[in-house]
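K.L.:
Sequence and predicted structure, then a few things I'm wondering about:
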Amino acid sequence: MATHKVVGIVTIAVAFAVVLATVATASPPVPPLTSTAGITTVTNIECHGTVKESVSYQSTMSSGNINNTLENGERVGQIQYESTMNAVDGFIQYSKDFTSDGSSAPNLAVERRIGYVADASSGISWLDSTENVGMTIISEGDSNRAGSDAGALCVWAQDACIPASCVEVSAGSQLSRVKLVSASTKTSVSVTESPRLHHQITAEGIEGIGAYVDSVLGAEGTRDGPYGVGTVSAGMRMSSMEGRGCNYTNAGGEYYPQAGRTTYDEMTSASGKWKFSKSMTYQSQIPSVGIPRQYPVFHTPA
């Protein structure tokens, strides 16, 4: 199931874009690790000049043994994340909060905030920023109950069939050759509970920032305004293959009938002057316990 909403007012010089995209298929969670490494970093920068940063992260978890084969009933989950930023000859404000945790969801959470004003006295001032996040869930299929909370003890939740499935989903956003922007992104991935991937970006200009920059650096002839200047893009891709049933045999051997296949590909881009917002979410339809959940009533925003 996919819902796609676009609200746009476009002229030659100014574009407004608000996009919501939600994709849902079935993929089971991977049991959390008993002992795992947690990573937390916090970055804050204010600079007149050049700022560069790169981040690369990958985590793989399995309900069995991580090797080149898929064992009976095994589930494997992988999270991939990378981001780069290159801000040249400008006034930059940047902050990032990065957290990874293999034992509880969300297993990855990243927030980035970027403010950039090109130096009008430079002929080579610009900002490039790229962020990518990916999730893969591979399940051999099993009929054991999933979940460690009290709800998993329900007799009607036990031995529920979870067919074999292969899900790959990725999302990301990019700022290219930007002269003026105030942008924020939020990214989260969960594989140890109901699998979910979320990425969103909001980007626009910085009205009044020129006066602030001048007060810090002296008169530089800086620009400001309510619209971002340059190119902004964001998109999402998803591929899912799903089986049917858990105990099929074919001439004495086990096989996996493929019952469904889903693909999704979306990209949105604006160039010139713009206000831009895009939110993208993949959500598994299989809960970690095979009964309807009643708690919580309100969910914390991703």
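P.N.:
Nice, thanks for sending it over. Numbers count the residues shown, from 1 in each chain.
K.L.:
Okay, helices next: where are they in the protein?
P.N.:
Under the criterion DSSP state H, the chain contains helices at 209-217.
K.L.:
can you map out the strands along it?
P.N.:
Secondary structure of the chain, counting by DSSP state E: strands at 2-10, 14-25, 38-62, 75-101, 108-118, 126-139, 165-190, 196-204, 228-243, 249-250, 253-254, 258-284.
K.L.:
now the ones you listed in JSON lines, with mean pLDDT, mean neighbour count and distance to Thr69?
P.N.:
(C-beta placed from N, C-alpha, C; glycine too.) As requested, these are exported to JSON lines (pLDDT from 0 to 100; neighbours: other Cβ atoms under 10 Å; distance: least, Cβ to Cβ, whole Å):
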{"stretch": "strand 2-10", "mean pLDDT": "34", "mean neighbour count": "11", "distance to Thr69": "33"}
{"stretch": "strand 14-25", "mean pLDDT": "56", "mean neighbour count": "19", "distance to Thr69": "24"}
{"stretch": "strand 38-62", "mean pLDDT": "94", "mean neighbour count": "13", "distance to Thr69": "11"}
{"stretch": "strand 75-101", "mean pLDDT": "94", "mean neighbour count": "20", "distance to Thr69": "11"}
{"stretch": "strand 108-118", "mean pLDDT": "96", "mean neighbour count": "22", "distance to Thr69": "26"}
{"stretch": "strand 126-139", "mean pLDDT": "93", "mean neighbour count": "22", "distance to Thr69": "11"}
{"stretch": "strand 165-190", "mean pLDDT": "94", "mean neighbour count": "22", "distance to Thr69": "15"}
{"stretch": "strand 196-204", "mean pLDDT": "96", "mean neighbour count": "24", "distance to Thr69": "26"}
{"stretch": "strand 228-243", "mean pLDDT": "92", "mean neighbour count": "22", "distance to Thr69": "18"}
{"stretch": "strand 249-250", "mean pLDDT": "57", "mean neighbour count": "8", "distance to Thr69": "20"}
{"stretch": "strand 253-254", "mean pLDDT": "58", "mean neighbour count": "10", "distance to Thr69": "14"}
{"stretch": "strand 258-284", "mean pLDDT": "92", "mean neighbour count": "18", "distance to Thr69": "20"}
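K.L.:
can the ones you listed go into JSON lines with extra columns for distance to Pro32?
P.N.:
Formatted as JSON lines, these follow (distance: least, Cβ to Cβ, whole Å):
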{"stretch": "strand 2-10", "distance to Pro32": "29"}
{"stretch": "strand 14-25", "distance to Pro32": "22"}
{"stretch": "strand 38-62", "distance to Pro32": "8"}
{"stretch": "strand 75-101", "distance to Pro32": "9"}
{"stretch": "strand 108-118", "distance to Pro32": "13"}
{"stretch": "strand 126-139", "distance to Pro32": "14"}
{"stretch": "strand 165-190", "distance to Pro32": "10"}
{"stretch": "strand 196-204", "distance to Pro32": "15"}
{"stretch": "strand 228-243", "distance to Pro32": "23"}
{"stretch": "strand 249-250", "distance to Pro32": "32"}
{"stretch": "strand 253-254", "distance to Pro32": "28"}
{"stretch": "strand 258-284", "distance to Pro32": "16"}
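K.L.:
and the gap between Lys275 and Val181?
P.N.:
Here Lys275 is placed at a distance of 11 Å from Val181 (Cβ to Cβ, to the nearest Å).
K.L.:
Ok, Met280 next?
P.N.:
For Met280, the distance to Val181 - Cβ to Cβ - is 20 Å.
K.L.:
Repeat that for Val51.
P.N.:
Taking Cβ to Cβ as the measure, Val51 and Val181 are separated by 14 Å.
K.L.:
rewinding a little: and for Lys275 and Val181, which residues touch both?
P.N.:
Residues touching both Lys275 and Val181 by Cβ atoms under 8 Å, 6 or more residues apart in numbering: 203-205, 228.
K.L.:
which one among those residues gets closest to Arg177?
P.N.:
Taking Cβ to Cβ as the measure, Arg177 lies nearest Gly228 of these, at 11.5 Å.
K.L.:
wait, isn't Thr192 in contact with Ser59?
P.N.:
No. Using Cβ atoms under 8 Å, Thr192 makes no contact with Ser59, being 10.6 Å away.
K.L.:
Identify the contacts common to these two.
P.N.:
With Cβ under 8 Å, 6+ apart, Thr192 and Ser59 have common neighbours 102, 107.
K.L.:
Bridged to the closest residue to Ser271 other than its chain neighbours, which residues?
P.N.:
Closest residue to Ser271 apart from its sequence neighbours, by Cβ to Cβ, 6 or more residues apart in numbering: Thr231 at 4.4 Å. Beta bridges link Thr231 to Ser176, Ser271, judged by DSSP bridges.
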